[in-house]
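Chemist: sharing a model prediction with you, sequence too.
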Amino acid sequence: MVKKSWRFATLAVHGSEGGDPVTGAISPPIYQSSTFSFKNAQHGADLFAGTGQGYIYSRLMNPTQAALEREMAFLEEGEEALAFGSGMAAISTTVFTLCRSGENFVSANAIYGGTHAFYLKVLPRLNIGVQEVNAADLNHIEEAINERTRFIFIETPANPTMDLVDIRGCAEIAQRHNLKLVVDNTFATPYYQKPLLLGADLVVHSATKYIGGHGDTVAGIVIGKSRELMREMRKGVAQDIGGVISPFNAWLLLRGLKTLAVRMDRHTENAMRVAQFLAFHPKVEKVYYPGLRIHPQHELAKSQMSNFGGMLAFEVKGGLEAGRKFIDAVRLCTMAVSLGDCDTLIVHPASTTHSSYSAEDLKKAGIPAGLIRLSVGIEDVNDIIEDLEQAFKQI
Ligand code: LCS
């Protein structure tokens, strides 16, 4: 039995139904099947007409995918979710659901570089417009809205600057202009931030990151406040584009959810220690972590997040050259893109994850050329700090 009063960590472990309702299995079954038999011709016809109960084909829906969607909707407190083969499939399908040719949306300019690349490379072909603005000032969002605008897209905290956007403020603007608000909640996870409760209409995740948590799965998910909009996404767009999640990857994410809260607690505890170490280090120019009191958006972070997460960024004195040397000098930290894994990952965004940004776009988005991004893992934090210290000694 699942109690509504249980806290997030308990709900994430037990799930919305407390195990598999058919067999009682603690770990849900993996329905590794591409297709499902019909009872008779009429049953097949009913399923295609949307009037029958059952599964048809795993591009349309699979029971393991359905279980993941149920749990993510439960944890984000939305009505329905839709899982995808990647975060980018989730984001692109969201855009195609909300915008048609000739329409546009307003996006924060500090976002994951792959999302920015999708804007630059794909959307112009389809005549979908996007205005990227500095969303730290909500006036910029409001000024960019016109009669063809359909939604607002924000990522908070943002990759890689850790800039925050005021979700409640954006929701007010969206309501005033009759637009949808979409929030990329990858960095915070539903454990620390629930955008739907703050007024957003859709939440997207790269589930590749903290939801999976082990660096072994690429996946995405969208969670909607309204079942109606999610049905439109599923039936109207997603099933035909086909960016579907595999049953095994859906199962890996279901397994990841069980440890989400403990992993996030450890990521955050470690990130706070590392941020404090960096903030006082003589070779560090600046640290970007909303958990620090010196972070200009610390109060906003406290008002919309219950904790600060495992991502941070920093600049070393000496700019790009010193930053490169630093990254080459680490031993425990793994030089790799992605984030939210158990392992601490270090990366230079301007030349990797955000290489789709021109020098001018980097400047507009507030991403310094020498910025170093750290996805703080769940190792013993003393080992992480010792590794950073030995790297500092080499520059
Ligand atoms: N949203 C955010 C905030 C992300 O960080 C990423 C990927 C995506 C969406 C796209 O998700 P994917 O399709 O990769 O599952 N971020 C990456 C990064 O910073 N390094 O490698 C991938």
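Modeler: Ah, there it is.
Chemist: so residue 181 sits right up against residue 150, yeah?
Modeler: No: between residue 181 and residue 150 there is no contact under CB atoms under 8 Å: 11.1 Å. All C-beta spots, glycine's among them, are computed from the backbone N, C-alpha and C.
Chemist: out of the two, which sits in the busier spot?
Modeler: residue 181 (24 against 20; other CB atoms under 10 Å).
Chemist: helix, strand, or coil at that one?
Modeler: strand (DSSP: H, G, I helix; E, B strand; the rest coil).
Chemist: now it: closest residue in space, sequence neighbours ignored.
Modeler: Distance criterion CB to CB, 6 or more residues apart in numbering; nearest residue to residue 181, sequence neighbours excluded, is residue 174 at 4.1 Å.
Chemist: buried stuff in the strand or helix carrying that neighbour?
Modeler: Per DSSP states H and E: residue 174 is located in helix 167-176. Within helix 167-176, the residues that count as buried by 16 or more other CB atoms under 10 Å are 167, 169-171, 173-174.
Chemist: now that helix - C-alpha only, PDB.
Modeler: The C-alpha trace of helix 167-176 is given here as PDB (Å, rounded to 0.1, in the frame of the first residue of the first chain):
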ATOM      1  CA  ILE A 167       9.700  29.400 -12.700                       C
ATOM      2  CA  ARG A 168       6.800  31.100 -10.900                       C
ATOM      3  CA  GLY A 169       7.500  34.400 -12.700                       C
ATOM      4  CA  CYS A 170       7.700  32.600 -16.100                       C
ATOM      5  CA  ALA A 171       4.400  30.800 -15.300                       C
ATOM      6  CA  GLU A 172       2.700  34.200 -14.700                       C
ATOM      7  CA  ILE A 173       3.900  35.500 -18.000                       C
ATOM      8  CA  ALA A 174       2.900  32.400 -19.800                       C
ATOM      9  CA  GLN A 175      -0.600  32.500 -18.300                       C
ATOM     10  CA  ARG A 176      -1.000  36.200 -19.200                       C
END
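Chemist: which strands and helices sit next to it?
Modeler: For helix 167-176, the packing partners by 3 or more CB pairs under 8 Å, 6 or more residues apart in numbering; DSSP states H and E come out as helix 138-144, strand 149-155, strand 180-184.
Chemist: what is the mean pLDDT for that helix?
Modeler: The average pLDDT within helix 167-176 is 98.
Chemist: for the ligand, state which of the buried residues of helix 167-176 is nearest.
Modeler: The ligand has its nearest neighbour among these in residue 167, at 14.8 Å by CB to the nearest ligand atom.
Chemist: my read: that closest one touches residue 197, true?
Modeler: No: counting by CB under 8 Å, residue 167 sits too far from residue 197 to count as a contact (9.3 Å).
Chemist: distance of the most centrally placed residue in the chain relative to residue 221?
Modeler: Central residue of the chain (CA atoms, centre = their mean): residue 186, 2.0 Å from the mean position. Residue 186 sits at a distance of 10 Å from residue 221 (criterion: CB to CB, to the nearest Å).
Chemist: related to what we said a few turns ago, shared neighbours, residue 181 and residue 150?
Modeler: Shared contacts of residue 181 and residue 150 (CB atoms under 8 Å, 6 or more residues apart in numbering): none.
Chemist: in the stretch 251-395 of the chain, which residue sits closest to the ligand?
Modeler: When distances are taken as CB to the nearest ligand atom, the stretch 251-395 of the chain reaches nearest to the ligand at residue 337, 3.6 Å away.
Chemist: that's a strand at that residue, yeah?
Modeler: No: counting by three-state DSSP, residue 337 is located in no strand; its state is coil.
Chemist: what's around it, how many residues?
Modeler: 13.
Chemist: cool, the one 4 residues further on as well?
Modeler: Number of residues near residue 341 (other CB under 10 Å) recorded here: 23.
Chemist: output the set of residues of the chain in proximity to the ligand.
Modeler: 86-88, 112, 114-115, 155, 159, 184, 186, 206, 208, 218, 220, 337-339, 353 (CB under 6 Å from any ligand atom).
Chemist: in stretch 66-78, what's buried?
Modeler: Buried, per 16+ other CB under 10 Å, within stretch 66-78: 67-76, 78.
Chemist: which ones among the residues you listed lie within helices?
Modeler: 67-76 (DSSP state H).
Chemist: in JSON lines, list those residues along with pLDDT.
Modeler: JSON lines is the format used below for these (pLDDT from 0 to 100):
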{"residue": "67", "pLDDT": "96"}
{"residue": "68", "pLDDT": "98"}
{"residue": "69", "pLDDT": "98"}
{"residue": "70", "pLDDT": "97"}
{"residue": "71", "pLDDT": "97"}
{"residue": "72", "pLDDT": "98"}
{"residue": "73", "pLDDT": "98"}
{"residue": "74", "pLDDT": "97"}
{"residue": "75", "pLDDT": "98"}
{"residue": "76", "pLDDT": "98"}
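Chemist: before we move on, back to that, out of the helices and strands packed on helix 167-176, which comes closest to residue 131?
Modeler: helix 138-144 (4.2 Å; CB to CB).
Chemist: what comes up buried for that closest one?
Modeler: 138, 140-142, 144.
Chemist: which single one of those is nearest to residue 121?
Modeler: residue 144 (20.9 Å).
Chemist: how near is the residue in the stretch 201-350 of the chain positioned nearest to the ligand to residue 288?
Modeler: Nearest to the ligand in the stretch 201-350 of the chain, going by CB to the nearest ligand atom, is residue 206, at a distance of 3.0 Å. Here the criterion is CB to CB. By it, residue 206 lies 20 Å from residue 288.
Chemist: more neighbours: the two, which one.
Modeler: residue 206 (29 against 26).
Chemist: ok, the residue nearest to residue 315 when sequence neighbours are not counted to residue 351 distance?
Modeler: Closest residue to residue 315 apart from its sequence neighbours, by CB to CB, 6+ apart: residue 285 at 4.1 Å. Applying CB to CB, the value for residue 285 to residue 351 is 18 Å.
Chemist: understood, closing this out.
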